[in-house]
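Asker: sequence first, predicted model second:
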There are 2 protein chains.
Amino acid sequence: MTVQIAGVASTEFGEHPDSSTRELFTDAALEALENASLSAGDVEELYAGNFIGDLTDDQAHVGAMLADYLGARQAASMRTESACASASSAARSGVQAIESGDVDVALVGGVEIMSASSLEVVTDALANAADNEYENEAGLTFPGIYALMAQAYMNEFDVTEDELAAVAVKNYENGVSNPLAQRQTETDVESVLDSPPVATPLNLQDCCPITDGASAAVLVSESFADDHGLETTVEFAGSGQSSDSLALQDRAELPRTRAAERAAEDAYERAGISPGDVDVVELHDCFTIAEILAIESLGFFERGEGARGAVEGETAVDGRIPINTSGGLLAKGHPVGATGVAQLVEITKQLEGRHPNQVDDPTIGLTHTVGGSGASCVVNVLRTGGA
Amino acid sequence: MTVQIAGVASTEFGEHPDSSTRELFTDAALEALENASLSAGDVEELYAGNFIGDLTDDQAHVGAMLADYLGARQAASMRTESACASASSAARSGVQAIESGDVDVALVGGVEIMSASSLEVVTDALANAADNEYENEAGLTFPGIYALMAQAYMNEFDVTEDELAAVAVKNYENGVSNPLAQRQTETDVESVLDSPPVATPLNLQDCCPITDGASAAVLVSESFADDHGLETTVEFAGSGQSSDSLALQDRAELPRTRAAERAAEDAYERAGISPGDVDVVELHDCFTIAEILAIESLGFFERGEGARGAVEGETAVDGRIPINTSGGLLAKGHPVGATGVAQLVEITKQLEGRHPNQVDDPTIGLTHTVGGSGASCVVNVLRTGGA
């Protein structure tokens, strides 16, 4: 029995100064439900990613808050948290809930309001994804952590800042055509290199922005879709999730994301596919270096070869393996708790043939979402199919 | 295919000034794994409840942190959060993960370190379970919220403070024999009434203490238990979870927990039982009034009759329906993120016939865990059985 995607929606990503967390999520959820021809009263399970609401809004217990405001008090509700991979964990748990036979309709998604807080508050809050005892106390923030990974990668594989910048150039270009993207302007290698330095070798345009946004997907069992005449066309093929050391210092190899390797291997095995079968990918490019590490962990490039992807056009919309046709976190934006399901929204649109940067007739799509510097990773594989 | 409980453990509840979050959880997890004759390398899925670590330790991403420190980096890890019901959500999700066929071994549990922070920090952090916009901003804290529910209940059903106090007297008495309990001293009605007022009508002994603690349970598929010769004797019979308005102001009836009613109904249906079949219960007595509301929502007493339970001995260890033989949250303590699985630990010991306050030959036990003032509730039903 497969799990079907009956409806998806993302809000525009960017600044939403007039929306609260509950309002923004409900915008996405109602659109996804409408897209599925279902209503809030049909939801049996609600899993929602949210990462920093405790610290920015003094608000936890977000699952119940969202179920309440949406009008789905009957649902089991829960917040899932694995840092920046929170919404992907929500999706994976929603799939399991349906596969277990417990429920037929799960609403999964996430939401984050980040722009309303000061930069200090947001930076501190995001740092909670790292190891407070061993990393934050030493003064590391996330740009610093990824800069260390980038330095190690560049040293080991003789890669330049220009090559990192090529990832941003590609993803910005993809963002231009995505009406939901936060950054809809092109850039070039020189502009990336000239943008203000954040943590050497990462400049401002190597880093994803601070974003408000929400995402939602309505998952249903195949039998529910059949019984209710839902015309679904996309289904889950397999998921994987794994962990790694929370602190960078405990990794044997700095420029390598082992959790992603394990999650991918698991997802491929469950889906019965290999990396070569994947047609389109949304992955976790919180920094340019992160995309390079990701395409290696996912098996699209050999270790040390990932920088070629953007430079040689292999990861372009019309390339061998199109990566982040949405603009990715770099251009589309990264409302932390919402990101994983926003990726699923983009892949669903690709598989349905209605993406603004449509690739040619895809049948298998993949999302890859990383928590922190890689202590969590979730890989979800979707395929065309449907009830 | 049923989900078996292969091993359980709780740390002592109380103050653990020398333990960090990761250390305390690992103490419980390793004991549970040893109890199951398994090792950290066997864990495929780790769901951990933690509620206020963001605010007390500047540490989120706790699922990955615990997997890492335990030596289970291979596992999918996630923090589950539904306020005080977080660990029960973890358990329910672990059951679904196994029932879905995705994994065979799930470690579920939770941890909270509360005593290291100031009373102000803990009170503020706990308030994140309420509706920040509509409750906290109005000055409500949790004792105040439950005091409002108690006042409404006492007015509607003509119940006295003495009758509330009887719940504390019973649970303190049960705590005396529980070596893991934070409060191991008896009390009496007069002492409860004479204890310092917290929020009228609730006095200090009507309120659960601030607690450090961790809990863990190893769940396995029936086939895994068979294949590995694990002699399990307790299994999951059914679970239910539901939601309600986050803010008290939106409830049609203040002294009524609708999420608990729906969760119980769902759990009973899945387990194929009725309330009369339940032999022993651990439930969410964060305040004395909460136990009274809970035993009504669970169907053990008619509405307005719950106060009779402790007064007339019906909920005593040797009563008609033994409630909180561990001492409950009032005496055993309430390390928020750990509580739900700690309840499962107690029920497992009862069903295995090795509880310090053993009831007579139980075959069905139940846990009931509430998030906030009742916006979340999880009911898990266990029964004797095993592979």
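Answerer: Great, that's in hand. Numbering: from 1, shown residues only, chains lettered A, B, ... in the order given.
Asker: centre-most residue in chain A?
Answerer: Geometric centre of chain A, nearest residue: A:G340, 3.2 Å, by CA atoms, centre = their mean.
Asker: for that one, give me its contacts.
Answerer: With contact set as CB atoms under 8 Å, 6 or more residues apart in numbering or on different chains, A:G340 has these partners: A:49, A:85-91, A:110, A:215, A:367, A:369, A:378, A:380. C-betas here are computed from N, CA, C, even on glycine.
Asker: check A:Y47 too.
Answerer: Neighbouring residues of A:Y47 by CB under 8 Å, 6+ apart: A:63, A:77-80, A:89-91, A:93-94, A:97, A:106-109.
Asker: just the strands in chain A please.
Answerer: Secondary structure of chain A (DSSP state E): strands at A:3-10, A:45-49, A:76-81, A:105-112, A:197-199, A:202-203, A:213-221, A:234-243, A:280-283, A:364-371, A:376-384.
Asker: any idea which of those is most buried?
Answerer: When you average the neighbours per residue for each of those (mean count of other CB atoms under 10 Å in any protein chain shown), strand A:76-81 leads with a mean of 33.
Asker: packing partners of that strand?
Answerer: With contacts taken as 3 or more CB pairs under 8 Å, 6 or more residues apart in numbering or on different chains; DSSP states H and E, strand A:76-81 sits against strand A:45-49, helix A:62-70, helix A:86-99, strand B:76-81, helix B:86-99, strand B:234-243, strand B:376-384.
Asker: contacts for that strand, please.
Answerer: A:44-51, A:60-64, A:66-67, A:86-87, A:89-90, A:93, A:103, B:60-63, B:78-82, B:89, B:92-93, B:240-243, B:263, B:376, B:378.
Asker: chain center to that strand, what's the gap?
Answerer: 17 Å (CA atoms, centre = their mean, to the nearest Å).
Asker: partner strands of that strand and their direction?
Answerer: Partner strands and pairing direction for strand A:76-81 (DSSP bridges) are strand A:45-49 (parallel), strand B:76-81 (antiparallel).
Asker: need the per-residue pLDDT for the residue in the stretch 201-350 of chain A that chain B sits nearest to.
Answerer: For the stretch 201-350 of chain A and chain B, the shortest gap (CB to the nearest CB) falls at A:Q241, measuring 3.5 Å. At A:Q241, the predicted lDDT confidence score is 98.
Asker: which among the strands paired with strand A:76-81 is found nearest to B:D277?
Answerer: strand A:45-49 (25.9 Å; CB to CB).
Asker: tell me the mean pLDDT over that closest one?
Answerer: Computed over strand A:45-49, the mean pLDDT rounds to 98.
Asker: what angle do that strand and helix B:86-99 make?
Answerer: Angle of strand A:45-49 versus helix B:86-99, following axes from the mean of the first three to the mean of the last three CA atoms, to 10 degrees, is 110 degrees.
Asker: could I get strand A:45-49 in CSV with only the CA atoms?
Answerer: Extracted in CSV, the C-alpha atoms of strand A:45-49 (Å, rounded to 0.1, in the frame of the first residue of the first chain):
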residue,chain,number,x,y,z
GLU,A,45,-2.8,13.3,12.1
LEU,A,46,-1.0,16.6,12.0
TYR,A,47,2.8,16.6,12.1
ALA,A,48,4.4,20.1,12.0
GLY,A,49,8.0,21.2,11.9
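Asker: walk me through the domains of chain A.
Answerer: For chain A, automatic domain parsing gives the domain ranges A:3-118+A:210-234, A:141-206+A:237-384.
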